[in-house]
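**Student:** All I have is the shape, not the residue letters:
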């Protein structure tokens, strides 16, 4: 199994534009409590990784979306379609676009594939339609599309607060030998939240907890710090196979491992390429677990791949 790499530039051809749409993992994920608006207050540390889908853009008269995976919807149920129609409406674009998605990121899986696709659709269509807008101006649209979408306008290592839509860039962390394993399980974000049973938070409580979390994030060590995800306890209880994935990766020599997002994907960090390769080989016979050898993507390289 080859490692999932990427091009450091947008491939611009005579027929259109092709861009990578990177996955993410959550190095930390804390669900702090319920807010007055019904959403949960989150603290998370996002990290982009080299596993990616690819989006291809061509001009046409209408918005058309296709995908090489027939299980992926290509209408208003897809965030790419919603991103395109919203951008076209808000900025008065007179053109349409034919968008084709090459799907590799498991969905659902806790890797942000749909959110990443939406953000890259905004970036790609901004290029394709020659819209005179700053990337920062895309943030409001991104936040409307989904809580994770604004992060994918940044990449690298970043803190997410609020619903996850408030992004604070921090120093990039580096891990070259990672393995993501996604068991074939239907873990939904809605289930993960409903199983948490978090109480209501006051504003003062929120600020105090966020200060502690920020200090923890800025001293995070990928190999030695506890990579905590508040969803693990409830997801592991109802889907013990996800727990088994994490335990297996640690038994196979991972220095650290954690579930990403609301699952079911688990990522592991290895000290050496040889150890990761041995772990991959040991997992080959389990065909119900999808396996991806990846590395972190820095903010600089993320920008080179999408914005140059």
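**Tutor:** Looks like it came in fine. Note that the coordinates shown come from a computational prediction; the quantities given were computed from them, not determined experimentally.
**Student:** tell me the average confidence for the longest strand along the chain?
**Tutor:** The longest strand of the chain (DSSP state E) is strand 40-60. If you average the pLDDT over strand 40-60, you get 96.
**Student:** So which elements touch that strand?
**Tutor:** Applying 3 or more Cβ pairs under 8 Å, 6 or more residues apart in numbering; DSSP states H and E, one finds that strand 40-60 contacts strand 16-34, strand 96-102, helix 113-128, strand 157-162, strand 178-183, helix 203-218, strand 289-294. (C-beta placed from N, C-alpha, C; glycine too.)
**Student:** Tell me which residues of it come out buried.
**Tutor:** Using 16 or more other Cβ atoms under 10 Å as the test for burial, strand 40-60 gives 40-58.
**Student:** now it, how far from the centre of its chain.
**Tutor:** Centre-to-centre, strand 40-60 and its host chain are 5 Å apart (Cα atoms, centre = their mean, to the nearest Å).
**Student:** the inter-axis angle of it versus strand 178-183?
**Tutor:** 90 degrees (axes from the mean of the first three to the mean of the last three Cα atoms, to 10 degrees).
**Student:** Where does pLDDT dip in the stretch 51-200 of the chain?
**Tutor:** 197-200 (pLDDT under 70).
**Student:** what number of residues lie near residue 103?
**Tutor:** Per other Cβ atoms under 10 Å, the neighbour tally for residue 103 reads 16.
**Student:** Could you pull up the residues touching it?
**Tutor:** 53, 67, 68, 69, 72, 113 (Cβ atoms under 8 Å, 6 or more residues apart in numbering).
**Student:** Filter those residues down to the buried ones, PyMOL style.
**Tutor:** The following PyMOL line selects those of the contacts of residue 103 that are buried, judged by 16+ other Cβ under 10 Å:
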select buried, resi 53+67+72+113
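**Student:** from the contacts of residue 103, which two are the most distant?
**Tutor:** 68 and 113 (13.7 Å; Cβ to Cβ).
**Student:** thinking again about what came up before, okay, the contacts of residue 103 in a markdown table with distance to residue 246 next?
**Tutor:** A markdown table is the format used below for the contacts of residue 103 (distance: Cβ to Cβ, whole Å):
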| residue | distance to residue 246 |
| --- | --- |
| 53 | 25 |
| 67 | 30 |
| 68 | 30 |
| 69 | 27 |
| 72 | 27 |
| 113 | 20 |
